[in-house]
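> Would you be able to build a 3D model of this:
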Amino acid sequence: MKVAVVGQQDFGKAVLEAFLARGDQVAAVFCAPEKEGARPDALRVAAQAKGLKLHQFKSLKAPEAAQAMTQTGADIGIMAFVLQFARSGARSSTTRRCCPNTVARPPSTGRFRAARKRPA
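Modelled structure (predicted):
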């Protein structure tokens, strides 16, 4: 399967590595640009080390972000620990749409868990 990984930090990296270990083709990685002085984004570092196409948009609401997602040709987008809002155009630009972080699971190390919102 051809996937696009949208996320950040260690959880995003774990999801990226899980899809690569399964033998899936990662079409591109999307993560937020780091703020000056912040620690390097683990997902960005991993994507660059593996030579994957990397996109860092200030906002996933930008038309350029939706266009970049469409151009990946990905079957599915995996949104792993995404703190940016994405327009519906970006989320629906893959063949099978994007799955939120509660669906994307990293390897079964138990170290990373998807945060779940509880009803108010």
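> Okay, now the unreliable bits of this protein?
With pLDDT under 70 as the threshold, the chain has low-confidence stretches at 81-120.
> all strands of it, in order?
Taking DSSP state E, the strands of the chain run over residues 2-7, 25-30, 54-55, 76-80, 98-99.
> Export the ones you listed as TSV, with columns for mean neighbour count and distance to A65.
In short, each C-beta sits where N, CA and C put it, glycine included. Compiled in TSV, the strands of the chain are given as follows (neighbours: other CB atoms under 10 Å; distance: least, CB to CB, whole Å):
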stretch	mean neighbour count	distance to A65
strand 2-7	26	9
strand 25-30	22	7
strand 54-55	17	7
strand 76-80	26	11
strand 98-99	20	12
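> out of the ones you listed, which comes closest to A38?
strand 2-7 (15.8 Å; CB to CB).
> Same list, the strands of the chain, but as a markdown table with distance to D41 please.
Output for these, formatted as a markdown table (distance: least, CB to CB, whole Å):
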| stretch | distance to D41 |
| --- | --- |
| strand 2-7 | 9 |
| strand 25-30 | 10 |
| strand 54-55 | 10 |
| strand 76-80 | 12 |
| strand 98-99 | 19 |
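> Tell me which of those strands sits nearest to A14.
strand 76-80 (7.9 Å).
> Who does the closest one pair with, and is each partner parallel or antiparallel?
strand 2-7 (parallel), strand 98-99 (parallel) (DSSP bridges).
> Can I get these in TSV including distance to F19?
Listed next are the strands paired with strand 76-80 as TSV, based on distance: least, CB to CB, whole Å:
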stretch	distance to F19
strand 2-7	5
strand 98-99	12
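> Can you check which of the strands of the chain gets nearest to E36?
Going by CB to CB, the one of the strands of the chain nearest E36 is strand 54-55, 18.7 Å.
> wait, which of the strands of the chain is closest to P63?
Nearest of those to P63, taken as CB to CB: strand 54-55 at 13.2 Å.
> who does the closest one pair up with?
Looking at strand 54-55 with DSSP bridges, its partner strands are strand 25-30 (parallel).
> who's in contact with K50?
20, 26 (CB atoms under 8 Å, 6 or more residues apart in numbering).
> Perfect, I'm done here.
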